[in-house]
Each structure stands twice: as C-alpha cells, then as structure tokens.
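Trainee: coordinates only, no sequence provided:
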C-alpha cells in the first residue's frame, strides 16, 4: 500500500471515529430519557397509582409499537373557590416491540396540551412536562378554580409524539391525541 493511500485511509478512519463520537455524545446529552416498560406491579407501586381516571394508548412508528398507560390526577376533595391547584397526567410505558436494529428505546414528547373545564378552554393554564423514574408527568398549573360551587367536568387533551432514541441520534415518531376526563368539586 502506498504511503499516500495509507495516510488517506488513516484520515478517513479518524474522521469517521470523530463523527461517531460526536453523534454518540449528541445522543447522550440531547436525547430524552428512555422509558422502560413497566409491569402491572411496578405501575401499582408508582405515582401513576394515585390517578383517578385512566386511559391506554398505542403508538406505532418506524421503530416499533408501544403501549402507554395514562393516568389523570386531580383533587378528590373540594377545592376552595379561587385557590391554586395542580392537575397532573402521568404516562408509563407498559409494552414495547422494537423492530429497528438502531433503536435503543422510546420516550414521549408533548407537542401541545390543553385543559378544558366544563367544555371551555382554560387559557391561563401553564403546562410543565417532566420525566422521572420511568414515568412521564405533565402538570397543569394555574387551573381556573374561580368557578361556581359544585361539580365541574375537566378534560386534559394532549398531543403526544413518540421519540425514538437510537444508538446515535433520535427522532420524533408517531403523533397521537390522548384525552382524559374527570370531575372535580369546587367547595365554599
């Protein structure tokens, strides 16, 4: 092998290693946390168990099929009119079938969300998504509680996407609407 060919090959290998290293670092630093599939027992022992209403949703994208368990948590005692309260939606991965050789796992990304109280959009709500301990949490803060006394219907409407985390890189997969319903009581 000629000297110039060896040098070109060595440079190509170095560039390839650098690109793979940068790609791996990008994945580790920027990718959302991967959710591990939770068994029924794990879900019963998690924060998801405190939710008051539940819904299952299945997503399918280019990397596989995933099923999530969603729980909607809101106060089960009367809320004093005008007081601060937080409603939460929890999501846990319950099963996955990864079909892509490149995919390490899946996460959820909130594209948008809204809270409807008695069928009306609550525009003052702040939405805060987080992932901890294999449970994705979406908090609805500053819920309007300046309502007449009595029972009120509430709907959390979420547009969620799967995020397929590969060994190098990640991308947004399937998008789906998830809707959870409940009721809460405004007291005196």
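Mentor: Sure thing, it's come through. On a predicted model such as this, the values are computed, not experimentally measured, just so you know.
Trainee: who's in contact with the helix or strand containing residue 69?
Mentor: Under the criterion of DSSP states H and E, residue 69 resides in strand 64-73. The list of residues contacting strand 64-73 from outside it, by Cβ atoms under 8 Å, 6 or more residues apart in numbering, reads 38, 43, 48-60, 87-100, 103, 106, 108, 156, 162, 164, 178, 180-182. For glycine as for every other residue, the C-beta is placed from the backbone atoms N, C-alpha and C.
Trainee: pLDDT of it, averaged?
Mentor: Mean per-residue pLDDT for strand 64-73: 97.
Trainee: which strands border it, and is each parallel or antiparallel?
Mentor: Strand pairing for strand 64-73, determined by DSSP bridges: strand 53-61 (antiparallel), strand 87-98 (antiparallel).
Trainee: show me which helix or strand of the chain is least confident by mean pLDDT.
Mentor: Every helix and strand of the chain was ranked by mean pLDDT, DSSP states H and E. The lowest is helix 3-30, at a mean of 71.
Trainee: immediately after that one, which helix or strand?
Mentor: Under the assignment DSSP H and E, the closest C-terminal helix or strand after helix 3-30 is helix 40-44.
Trainee: if I read this right, residue 161 contacts residue 172, doesn't it?
Mentor: Yes: with contacts defined as Cβ atoms under 8 Å, residue 161 counts as touching residue 172 at a distance of 4.8 Å.
Trainee: so for the two, which residue has more residues nearby?
Mentor: When neighbours are counted by other Cβ atoms under 10 Å, residue 161 and residue 172 differ, and residue 161 comes out ahead with 18 against 12.
Trainee: in the sheet, who's paired with the more buried one?
Mentor: Beta-bridge pairing for residue 161 (DSSP bridges): residue 109, residue 175.
Trainee: list the contacts of it.
Mentor: 108, 109, 111, 172, 173, 174, 175, 176.
Trainee: any idea how far the residue nearest the centre of the chain lies from residue 95?
Mentor: By Cα atoms, centre = their mean, the chain has its centre lying nearest to residue 108, at 3.3 Å. Residue 108 sits 14 Å away from residue 95, going by Cβ to Cβ, to the nearest Å.
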